[in-house]
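[1] Make a model of this:
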Amino acid sequence: MKKSQHTIKPSERKHHTVDATERILGRLATEVVRLLRGKNKTSFKPNIDGGDFVTIDNIEKIKVSGKKAEQKIYYHYSGFPGGIKEPNYQKVFSKNPKAVLERAVLRMLPENRLRKNIMKRLIIK
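    Numbers count the residues shown, from 1 in each chain. Here you go, the predicted model:
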């Protein structure tokens, strides 16, 4: 099987650790996406997966601004009639804090073939 030309060698990737304590969800997610895609490097190309590994600590201490905790809704539709689920931010965050940040980062990434490999380099503790 031929090796993909759209990735860089693992030895060229750096490891970044980000502390999520008292950080705003969206601003943290944009910083993480920038590191995961490699946009902070001079050799950035949108079709090359040249980003770094990112580890996020203290995810349970993340904040949201304004009234988003009560008003932000995460939709999920099963595909069946009446199958839409609408939990708000507080419910999703209390059940699984990782899911909130993973969803924010995933939806900030471009919807292409590199997306899955980029998400594999995101480590949330």
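[2] only C-alpha atoms for contact and neighbour calcs from this point on.
    Will do.
[3] Please, where are all the strands along this structure?
    15-19, 53-57, 76-77, 84-85, 122-124 (DSSP state E).
[4] Show the average pLDDT along the third one.
    pLDDT averaged over strand 76-77 equals 96, rounded to a whole number.
[5] among the strands of the chain, which is nearest L101?
    Counting by CA to CA, L101 lies closest to strand 122-124 out of the strands of the chain; the figure is 8.6 Å.
[6] Run me through the strand neighbours of the closest one, direction for each.
    Partners of strand 122-124 in the sheet, by DSSP bridges, are strand 53-57 (parallel).
[7] Next, the angle strand 15-19 makes with the strand it pairs with.
    20 degrees (axes from the mean of the first three to the mean of the last three CA atoms, to 10 degrees).
[8] Now do strand 53-57: everything it contacts.
    Residues outside strand 53-57 that contact it (CA atoms under 8 Å, 6 or more residues apart in numbering): 13-21, 32, 35-36, 121-125.
[9] can you map out the helices along the chain?
    Along the chain, the segments classed as helices by DSSP state H run 25-37, 68-71, 89-95, 97-108, 115-120.
[10] Highest mean neighbour count out of the ones you listed?
    A comparison of the helices of the chain by mean neighbour count, using mean count of other CA atoms under 10 Å, puts helix 25-37 on top with a mean of 19.
[11] Let me have the strands of the chain in JSON lines, adding mean neighbour count as columns.
    Output for the strands of the chain, formatted as JSON lines (neighbours: other CA atoms under 10 Å):
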{"stretch": "strand 15-19", "mean neighbour count": "13"}
{"stretch": "strand 53-57", "mean neighbour count": "18"}
{"stretch": "strand 76-77", "mean neighbour count": "11"}
{"stretch": "strand 84-85", "mean neighbour count": "12"}
{"stretch": "strand 122-124", "mean neighbour count": "17"}
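[12] show me where pLDDT drops low in this structure?
    Along the chain, segments meeting pLDDT under 70 span 1-5.
[13] ok, the nearest residue to S65 once chain neighbours are set aside to L101 distance?
    The shortest distance from S65 to any non-neighbouring residue, by CA to CA, 6 or more residues apart in numbering, is to I24 (6.7 Å). Separation of I24 from L101 (CA to CA, to the nearest Å): 11 Å.
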